[in-house]
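# Everything below, folded, please.
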Amino acid sequence: MPPADLSASTGSAPLRLSIVIPVYREGEGARATMETVAATAPRPHEILVVHDEADDPTLPVIADVQARFPQVRAVHNTLGRGPAWALRAGFAAARGETVCVTMADASDVPEDIGRMLALIEQGYDLVAASRYMPGGVQEGGPLLKRTLSRLAGLSLHALTGLPTRDPTSNFKTYRRAMLEQLRLESSEGFDIALEITVKAYLAGFRITEIPTVWKDRTAGASNFKLLRWLRRYLRWYGLALRGGRGGRAGALRAAL
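Predicted structure coming up:
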């Protein structure tokens, strides 16, 4: 059994790191991610597992993991249904000076959390784990989804100078003070990562990326809804283009 991490019992004092994991009826599928992140992430930290429904089958799994890793706790998202609201609920509940988002389906590399945190502590405001920079890898996933994601990231990097080639992935680490300065509007899908990245860039925050290996989930069903959320992705893509084409002042006003 790992040593108890008392980071979750330090009252209202800021923590070094909050890790937000949104879940939707993942059940046992989220156990490996929770346990691995709890065992490997830099300390002190808290892990917020955010769920939409009061009877989500992941809740007993969270309680079981929490018995071994007390820094893990459930957060009931009451803001609205969907990943965007779940992440915004996680941001609101976070006590860490840095906030990392990672998925529950074991698609992300937990060891990258420490690498991203180190860059935040060196002065960056947003660090993206990138599948599309040199050294990055994407293994599996639907062809249409990964093609559109890669095209969006690489084109924004080339056309606007966005400092990451992978703005659509949610595996990112943020300075919490930066998040608090952005006016977030996403209210449903995972496009919230693109919104945050574009608005942070337009507002002049420091952004960088590290290479990562992303692997498609091997169990359970993805909650990603490409066609339903495509219009929302295009909105933030357009905002980045307007900012990159000399309309940065107007785009900036929209970002803050």
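
# Who are the contact partners of the residue positioned nearest the centre of the chain?
Taking CA atoms, centre = their mean, the centroid of the chain lies closest to Val101, which sits 3.0 Å from it. Contact analysis of Val101 by CB atoms under 8 Å, 6 or more residues apart in numbering lists 19-22, 87, 90, 170-174, 193. Backbone N, C-alpha and C define where each C-beta goes, glycine included.

# hey, what's it bridged with?
With DSSP bridges as the criterion, Val101 is bridged to Val20, Lys172.

# Pretty sure Arg131 sits against Gln138.
Yes. With contacts counted by CB atoms under 8 Å, Arg131 reaches Gln138, the gap being 4.3 Å.

# so for the helix or strand harbouring Phe91, what's the average pLDDT?
Phe91 is part of helix 83-93, with elements assigned from DSSP states H and E. Per-residue pLDDT over helix 83-93 has a mean of 97.

# for stretch 61-73, same thing?
Per-residue scores along stretch 61-73 average to 98.

# Between Arg131 and Gln138, tell me which one has more neighbours.
When Arg131 and Gln138 are compared on other CB atoms under 10 Å, the one with more neighbours turns out to be Arg131, at 25 against 19.

# Could you measure from the more buried one over to Pro167?
11 Å (CB to CB, to the nearest Å).

# re the thing from before, what touches both of Arg131 and Gln138?
In contact with both Arg131 and Gln138: 150, 213-214, using CB under 8 Å, 6+ apart.

# Closest one of the residues you listed to Lys199?
Nearest to Lys199 out of the shared contacts of Arg131 and Gln138 is Arg150 (CB to CB; 21.7 Å).

# how about the closest one, secondary structure?
helix (DSSP: H, G, I helix; E, B strand; the rest coil).

# And the nearest residue to Leu126 once chain neighbours are set aside, how far from Arg175?
Counting by CB to CB, 6 or more residues apart in numbering, the nearest residue to Leu126 once its immediate chain neighbours are dropped is Ile207, at 4.6 Å. Separation of Ile207 from Arg175 (CB to CB): 11 Å.

# Which neighbours do those two have in common?
124-126.

# coming back round to it: list the buried ones in the helix holding Phe91?
Using 16 or more other CB atoms under 10 Å as the test for burial, helix 83-93 gives 83-91, 93.

# Could you do stretch 19-28 as well?
The neighbour-count check on stretch 19-28 (16+ other CB under 10 Å) flags 19-26 as buried.

# likewise stretch 34-44?
34-35, 37-38, 41-42, 44.
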